[in-house]
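1. Need the 3D shape of this:
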Amino acid sequence: MRLSHGWMTLFGLLAFGSASADEAKPAAPPNVLVILTDEHNFRTLGCYRALLPKEQAYVWGDGVAVETPHIDSLAKRGLLCERFYAASPVCTPSRAAFFSGRYPQNTGAHQNDLPLNDDVLTFAAALKSKGYATGYAGKWHLNGAGKPEWGPSRKFGFDDNAYMFNRGHWKQLEDTPAGPKVKASGRKGEASYGVEGADAKSFTTDFLADKAVAFIRSHKQQPFCYVVSFPDPHGPNTVRPPYDTMYANANIRRPATASEKGSGLPSCAAPPDKPQFENMARYFGMVKCIDDNVGKILAGLHEAGLTERTLVVFTADHGDMCGEHGRVNKGIPLDGSARVPFVMAYPGVLKPGTVIREALSNVDFKPTLLGLLGLPKDPRDEGRDASRLLLNGKRDEGWEDVTFSRHSSGNWLMAVTSRHKFIVSTDSSPCLFDLVADPFELRNRCFETSSRPVVRELATALKRYAEKTGDACAEQPAVRADLAWAMGKDAAYVASERPLQRRRKANDDADAPDDN
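-> All right, here's what the predicted structure looks like:
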């Protein structure tokens, strides 16, 4: 197999260090292992809590937390992106952006249960073209409404996709002579989300981790790209023993923001009339089970002798409010929903313990991965190549510390930096949060005189994004008027005519099919 110049440069130096140039031979290309979770609140990971003051780290009670040593080890050996956002905080559009490098509105899959366009080139397809073995196990959710739909015929570069299922949050899986299937069944024999009888072999997180280890073992002689996609900790909040009772006695409480009304919040950020909460003890149990299985996968890499030549990523498709602002689930621009964990270990290439402060999005993942591997850019990618930033902390010329997210039906748009978040929506006045002074996003500072420069800057960036990527939300009359005001010089704001404002339910994505 022919190696790119980037691989030869990075890995020839890495593998041979002090060897003379005529003695050095290029090392094999690095493996790529992606561990993806679903609806995962970033505060449940120890590596993220370590960056936060106590009141932000322990929102569910003083010292109440899940220990995640295996995921944390990836951040210690590599890097953590402090402000990493979903391009749209709902399953299908977020995954579409992550795998394609395009914004959701340009993938065909801008809402749940819509299929990815046939012309999309995923990072797996790009690596397959360079000789990588590719595989995928777990939830996919990019092939339409099929449920579970094992091994979709459209593989998008993932050759070994027998354990890929399109949709659902099944708690038990099993192998059969006819292929994998959901183990639990309801009264009428249909596949169900039942967890009764699940064990360390059949529980979905364990089952999929075992498939990842098996793939690693069988492909250790060639470069591979593999994705294991756990459907947890998305609801229903159930998990197998002993994780189901592991946090039963923890003194879990509602986050303080559940009882805060805030100031000037748009409907997509305001608390609902009836605050909601979920079973966080079992949510913690799901996260702990995930971390233990990440440990199993990392042990499989070690046993295969591949730790030092495997780039490992841990991330999620979107977050879960988990009671903050009195909300559960996702679909809104607040950090609990839109901000996701992203950690990466790349031995010998990334400086251990690096923290990236700039705002990034999962639409940036594909171009950044190709950049890290020294592979050619895909001209169709709309995300940014942040490889230089990850490698040495330096921004490319013209780099802006801003990224974007959107509602799956175009009801709101967001521009976010390492400090500020600006939101425009179809049914509320614009909003600006100072994420440093107001980390819980309770005070709208958009109309304060001192905020005008930041509002103008972010509105201008949001307008450029919308024009460049064809985001039609920016052309809706109320949003267009708000952007024009925000970019202008007049400080006085006059609300434009809007549809009757409504208070959104806790799961803000009511107009898109859910993936339960």
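
2. Now stretch 167-187 - C-alpha only, PDB.
-> Extracted C-alpha coordinates of stretch 167-187, given in PDB (Å, rounded to 0.1, in the frame of the first residue of the first chain):
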ATOM      1  CA  ARG A 167     -32.400   3.000  14.800                       C
ATOM      2  CA  GLY A 168     -33.500   2.200  18.400                       C
ATOM      3  CA  HIS A 169     -32.200   2.000  21.900                       C
ATOM      4  CA  TRP A 170     -32.300  -1.700  22.400                       C
ATOM      5  CA  LYS A 171     -31.000  -2.900  25.700                       C
ATOM      6  CA  GLN A 172     -30.200  -6.500  24.800                       C
ATOM      7  CA  LEU A 173     -28.700  -8.000  21.600                       C
ATOM      8  CA  GLU A 174     -27.700 -11.500  20.600                       C
ATOM      9  CA  ASP A 175     -26.100 -13.500  17.800                       C
ATOM     10  CA  THR A 176     -28.200 -16.000  15.900                       C
ATOM     11  CA  PRO A 177     -27.600 -18.200  12.900                       C
ATOM     12  CA  ALA A 178     -29.500 -15.700  10.900                       C
ATOM     13  CA  GLY A 179     -27.400 -12.800  12.200                       C
ATOM     14  CA  PRO A 180     -27.700 -10.400  15.100                       C
ATOM     15  CA  LYS A 181     -31.100  -9.600  16.600                       C
ATOM     16  CA  VAL A 182     -32.700  -7.800  19.500                       C
ATOM     17  CA  LYS A 183     -32.900 -10.300  22.400                       C
ATOM     18  CA  ALA A 184     -35.700  -8.800  24.400                       C
ATOM     19  CA  SER A 185     -39.300  -9.200  23.100                       C
ATOM     20  CA  GLY A 186     -42.700  -7.900  24.200                       C
ATOM     21  CA  ARG A 187     -45.900  -9.800  24.700                       C
END
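
3. Flag every buried residue along it.
-> Buried positions in stretch 167-187, judged by neighbour count with 16 or more other CB atoms under 10 Å: 167-173, 180-184. The C-beta positions use only the backbone N, C-alpha and C, and glycine is treated the same way.

4. Dump those residues into JSON lines; add distance to residue 252 and pLDDT as well.
-> Formatted as JSON lines, the buried residues of stretch 167-187 follow (distance: CB to CB, whole Å; pLDDT from 0 to 100):
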{"residue": "167", "distance to residue 252": "30", "pLDDT": "97"}
{"residue": "168", "distance to residue 252": "27", "pLDDT": "97"}
{"residue": "169", "distance to residue 252": "22", "pLDDT": "97"}
{"residue": "170", "distance to residue 252": "26", "pLDDT": "98"}
{"residue": "171", "distance to residue 252": "22", "pLDDT": "98"}
{"residue": "172", "distance to residue 252": "26", "pLDDT": "98"}
{"residue": "173", "distance to residue 252": "29", "pLDDT": "98"}
{"residue": "180", "distance to residue 252": "35", "pLDDT": "98"}
{"residue": "181", "distance to residue 252": "35", "pLDDT": "97"}
{"residue": "182", "distance to residue 252": "30", "pLDDT": "98"}
{"residue": "183", "distance to residue 252": "30", "pLDDT": "97"}
{"residue": "184", "distance to residue 252": "27", "pLDDT": "93"}
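
5. Which two among those are spaced furthest apart?
-> Spatial extent of these (CB to CB) is set by the pair 167 and 183 at 17.1 Å.

6. Give me the contact list for the helix or strand hosting residue 83.
-> Using DSSP states H and E, the element containing residue 83 is strand 79-85. By CB atoms under 8 Å, 6 or more residues apart in numbering, the residues outside strand 79-85 that reach it are 47-48, 51, 315, 338-344, 350-351, 353-362, 390, 403, 405, 416, 418, 435.

7. and that strand, which residues are buried?
-> Neighbour counts using 16+ other CB under 10 Å place 79-85 of strand 79-85 among the buried residues.

8. before we move on, what about stretch 389-397?
-> Buried residues in stretch 389-397, counted by 16+ other CB under 10 Å: 389-391.

9. could I get those as CSV with secondary structure?
-> Listed next are those as CSV, based on DSSP: H, G, I helix; E, B strand; the rest coil:
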residue, secondary structure
389, helix
390, helix
391, helix
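
10. Looking at these, which is nearest residue 397?
-> residue 389 (12.2 Å).

11. need the contact list for the closest one.
-> Contact analysis of residue 389 by CB under 8 Å, 6+ apart lists 356, 358, 395-396, 399.

12. Return the subset of the residues you listed lying in strands.
-> Using DSSP state E, the members of the contacts of residue 389 that fall within strands are 356, 358.

13. tally of neighbours for residue 154?
-> Using other CB atoms under 10 Å, residue 154 has 14 other residues around it.

14. so how far is residue 365 from it?
-> 20 Å (CB to CB, to the nearest Å).

15. next one: residue 85
-> Residue 85 sits 12 Å away from residue 365, going by CB to CB.

16. where in the stretch 351-500 of the chain is pLDDT low?
-> Low-confidence segments of the stretch 351-500 of the chain (pLDDT under 70): 497, 499-500.

17. could you give the angle of the next helix-or-strand element following the strand holding residue 83 to strand 79-85?
-> Next in sequence after strand 79-85, counting helices and strands by DSSP H and E, comes helix 91-100. In terms of direction (axes from the mean of the first three to the mean of the last three CA atoms, to 10 degrees), helix 91-100 departs from strand 79-85 by 130 degrees.

18. Distance from helix 91-100 to the middle of the chain?
-> Computed by CA atoms, centre = their mean, to the nearest Å, the chain-centroid distance of helix 91-100 equals 9 Å.

19. now for that helix, which elements pack on it?
-> Helix 91-100 sits against helix 365-372, with contacts defined as 3 or more CB pairs under 8 Å, 6 or more residues apart in numbering; DSSP states H and E.

20. Can you name every helix or strand that the helix it packs on contacts?
-> Identification of packing neighbours for helix 365-372 by 3+ CB pairs under 8 Å, 6+ apart yields helix 91-100, helix 123-128, strand 310-316, helix 387-392.

21. Between strand 310-316 and the longest one, find me the angle.
-> In other words, helix 91-100. Using the same axes, to 10 degrees: helix 91-100 against strand 310-316 is 160 degrees.

22. what comes up buried for helix 91-100?
-> Buried residues in helix 91-100 (16+ other CB under 10 Å): 91-100.

23. so, if you compare these, which one comes nearest to residue 59?
-> For those, the nearest to residue 59 is residue 94 (22.8 Å; CB to CB).

24. Let me know whether the closest one touches residue 107 as I believe.
-> No: between residue 94 and residue 107 there is no contact under CB atoms under 8 Å: 10.6 Å.
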